[in-house]
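Q: model this:
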Amino acid sequence: MNKDIAEPKALSPLIRLDLDLPDGRHFEKIVLYPPGEWSAATDHADVRISENRFTGDLHTYRIQATAEEISVDVTLTGEMPPWRPSTGYMLFGADRSLEFAWLPSVPQGAVTVTYSVDGERHETTGVGYHDHNWGNVGLMKVVHDWYWARGQAGPYSVIASYITSAEKYGYEPIPIFMLARDNVLVGDDPAKVTFEREGVYTDQATGKPVAATTRYTYRDGEDRYVVSFTRTHDLTATRMADTIKGVKRIAAKLAHFDGAYLRFTGDLEISRYRGGELAEAYKDE
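A: As a prediction, the model looks like this:
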């Protein structure tokens, strides 16, 4: 990041590196850098923060990063073309001058990665995804909360999100949905989406109400797609104020800033109904 997600004014570069290993070890690293360590190209993705680099061209990306004892070198190659919901921009305010924008440049891709922990080097392959956020307003000023998820099951890939705008904007819902079959877009019209929450519980670490299952139903003519994401365990649960350093942290606490960020892994189920009859169903992690 080049700026604080909560207050995007001053240039304040940081990298965040989360790593979960097969043996159960979990690492969360946040490293702050002085503004002079940051640079970026203006005509393509090429961001540098000190020796860390993120570069790409909407199809192939390379990420090189080091945070303390962890280093990664990732190559992500898109299997689906870039996609965006409508223009990619969400506009707020009477004059629509407040912008939050989002572009999934690799909705699904193939990954090769080399990573090392304390000098112990490993290589692996897998499935990857890349999106990019930008805007001119702090996210917490325009958004009250959001759910976001992605995955693949059988021939299907899905990106789904349900954003609730801040109180000032009437808690207006903003659904986002992309479903592809065999890497070809099936549907992405938010007007055809309904959203449900099930099994809402209070997360102990953050005190936030969280749905154990989120479900998106997409109706298109005779076809009805039902996409369910069910949490199995947490990857991270962080109170955002705990990641703020120094004077900003004191100010956040005085302002009663209580934002939180949670990540989960779980089960994805995708079912397609044709004229009321189940035509196909797939399940994956």
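Q: which neighbours does the longest strand seen in the chain have in its sheet, and in what orientation?
A: In the chain, with assignment by DSSP state E, the single longest strand is strand 98-117. If you go by DSSP bridges, strand 98-117 pairs up with strand 70-78 (antiparallel), strand 89-92 (antiparallel), strand 120-135 (antiparallel).
Q: Could you pull out the buried residues of it?
A: Applying a neighbour-count criterion of 16 or more other Cβ atoms under 10 Å, one finds 98-100, 102-109, 111, 113, 115 buried in strand 98-117. To be clear about C-beta, it is placed using only N, CA and C from the backbone, and glycine gets the same treatment.
Q: hang on, the earlier thing: mind putting the strands paired with strand 98-117 in a markdown table, distance to Arg197 and mean pLDDT included?
A: Formatted as a markdown table, the strands paired with strand 98-117 follow (distance: least, Cβ to Cβ, whole Å; pLDDT from 0 to 100):
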| stretch | distance to Arg197 | mean pLDDT |
| --- | --- | --- |
| strand 70-78 | 31 | 97 |
| strand 89-92 | 21 | 95 |
| strand 120-135 | 23 | 93 |
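Q: before we move on, back to that, which of the buried residues of strand 98-117 sits closest to Thr77?
A: Within the buried residues of strand 98-117, the smallest distance to Thr77 is 5.3 Å, found for Gly109 (Cβ to Cβ).
Q: got the contact list for the closest one?
A: Neighbouring residues of Gly109 by Cβ atoms under 8 Å, 6 or more residues apart in numbering: Leu76, Thr77, Gly78, Glu79, Met80, Val127, Gly128, Tyr129, His130.
Q: Go ahead and confirm Thr238 touches Tyr261.
A: Yes - counting by Cβ atoms under 8 Å, Thr238 does reach Tyr261; the two are 5.1 Å apart.
Q: okay, the two: which has more neighbours?
A: Using other Cβ atoms under 10 Å as the criterion, Thr238 and Tyr261 rank with Thr238 on top: 16 against 13.
Q: Relative to Ile70, how far out is the more buried one?
A: As for Thr238, its distance to Ile70 is 18 Å (criterion: Cβ to Cβ, to the nearest Å).
Q: which element is the closest residue to Thr232 other than its chain neighbours on?
A: Among residues not flanking Thr232 along the chain, Gly266 sits closest, at 4.2 Å (Cβ to Cβ, 6 or more residues apart in numbering). According to DSSP states H and E, Gly266 maps onto strand 260-274.
Q: dump the residue contacts of the residue lying closest to Pro107 once chain neighbours are set aside.
A: Computed as Cβ to Cβ, 6+ apart, the closest residue to Pro107 that is not its neighbour in sequence is Met80, at 4.5 Å. Met80 is in contact with Val106, Pro107, Gln108, Gly109, Ser157, Ala180, Asn183, counting by Cβ under 8 Å, 6+ apart.
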